[in-house]
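Chemist: Kindly return the folded structure for what I paste below:
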Amino acid sequence: MLALAGCGERKEAPTPAAPQKAPAVAVAAAADINAGKALAERSCKACHGLDGKGAGPGIPHLAAQRERYLFASLMEYKQGKRHHSGLRELATKMTDADMRNIAAYYAAQPPVVAAAAVKHTSPLDEGKKLAQACTKCHGEDGNAKTPGTPTLAGQQPAYLVAAIHEYHRGDRAIGTMQSMMSDSQRLELESLALYYSTQAPVKRAAPKRGDPAAGEALSTACGGCHGAHGVSRDAQTPSLAGQDFDYLVKATKAYWTTRKNWGMQRYVAGLSEKDVDDIVAFYTTQAPRASEQRPTPTQELAAKCDRCHDDETNLSMAAPRMKGQDKDYLIMALRSYRDDTSRESSTMHRMSFPYSNAMIESVASWYASQPAGK
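Modeler: Residues are numbered from 1 along each chain as shown. Predicted coordinates for the structure are as follows:
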């Protein structure tokens, strides 16, 4: 979630020689609200209502939305920059004047008042709650004290999600994990993984067997994926520094028999029992660190987003208002930008690309929980 921090760094624009009229005023002056209402009655009412309230989850509210944004959105559907078959067909039949009129009509409607309050969810808080079921084996903060149990504190979150899915599928044959995680949802897994990734892992004492010095020489190939001294910088690859010795030995040897990974299987095939012990001893004694800093609170991220999306002093901005918007629609839109699928915006794609589904859920729920303004 730190990715959006850069969005807040904005250079001051030079002071213009004379006040400039906002483009939105020109659009409003040329619009016919009554004609827009007639078009909305005919073409938009079924989904967006005549009052601009989305008819169901995933359908955006248009009431009190920025007129400039609504017009730009319709143009993007018409030009194929947004991909929705129904809206594309409608937009291609409209003239520019039609789109201005509809935009002006919906922009003039009062904000939608939510029927029920939307609960804002924080992935870190949700993850901490879920982690309570894991403390018996993995420790209060993810630092396992039982030999043979992996430490989760500081681990790469994407790797943790992938590992839990392997338990789901039975690729990792540990009955306890399969039974505990079988009913978990993707958002829960991401929240749990994010929580553990922000916890500080502790450095371990040297194990009773294995030669860390010999292991360091043998670990050269490992560092290419798992990072220098076992601290991974790849979200999909686990950190090994400070990991439990017995667990890491067992996990490594499993590639000789049951675990499937072509690269790991190829590498460990040439290792002896002593080689494995030495390599693991080296990684166990390395200083670990958390893969993620504590994420910026959602409200702080939203404050940066508001500079484009809810800054009412910048009338030339074509970005939409998001406060009070339908949560499911916001989730869908953010995922579209992140995955670069049905919406074209290089800026939004860059900002949302690092977002997990849990992060997107948090941002969307916060905006949906705020009263809509105008």
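Chemist: what about the protein, any weak spots by pLDDT?
Modeler: Counting by pLDDT under 70, the chain has low-confidence residues at 1-29, 115, 168-170, 173-184, 292-297, 312-317, 349, 351-354, 374.
Chemist: what do you get if the cut-off is 80, keeping everything else the same?
Modeler: 1-30, 114-118, 121, 164-186, 291-304, 307, 310-318, 342-356, 373-374 (pLDDT under 80).
Chemist: domains of it?
Modeler: 2-11+20-118+297-369, 123-284 (automatic domain parsing).
Chemist: Please convert these to TSV, extending it with distance to residue 290 and mean neighbour count.
Modeler: (Glycine included, C-beta is placed from N, CA and C.) Below are those laid out as TSV (distance: least, CB to CB, whole Å; neighbours: other CB atoms under 10 Å):
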stretch	distance to residue 290	mean neighbour count
domain 2-11+20-118+297-369	13	17
domain 123-284	4	17
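Chemist: Let me know which of the ones you listed is the nearest to residue 291.
Modeler: domain 123-284 (4.8 Å; CB to CB).
Chemist: Format the domains of the chain as JSON lines; extra columns: distance to residue 291.
Modeler: What follows is those, written out as JSON lines (distance: least, CB to CB, whole Å):
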{"stretch": "domain 2-11+20-118+297-369", "distance to residue 291": "12"}
{"stretch": "domain 123-284", "distance to residue 291": "5"}
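Chemist: list the contacts for residue 309?
Modeler: By CB atoms under 8 Å, 6 or more residues apart in numbering, the residues touching residue 309 are 319-322.
Chemist: Which of those residues sits closest to residue 134?
Modeler: The closest of those, once distances to residue 134 are taken by CB to CB, is residue 322, at 34.5 Å.
Chemist: quick one: that closest one and residue 330 touch, right?
Modeler: Yes: between residue 322 and residue 330 there is a contact under CB atoms under 8 Å: 6.5 Å.
Chemist: Find the residues that touch each one of the two.
Modeler: Taking CB under 8 Å, 6+ apart as the criterion, residue 322 and residue 330 both touch residue 367.
Chemist: where does the nearest residue to residue 171 once chain neighbours are set aside land in three-state SS?
Modeler: Of all residues not flanking residue 171 in the chain, residue 260 sits nearest, at 7.0 Å (CB to CB, 6 or more residues apart in numbering). Three-state assignment for residue 260 (DSSP: H, G, I helix; E, B strand; the rest coil): coil.
Chemist: Next: residue 190.
Modeler: Here residue 190 is recorded as helix under three-state DSSP.
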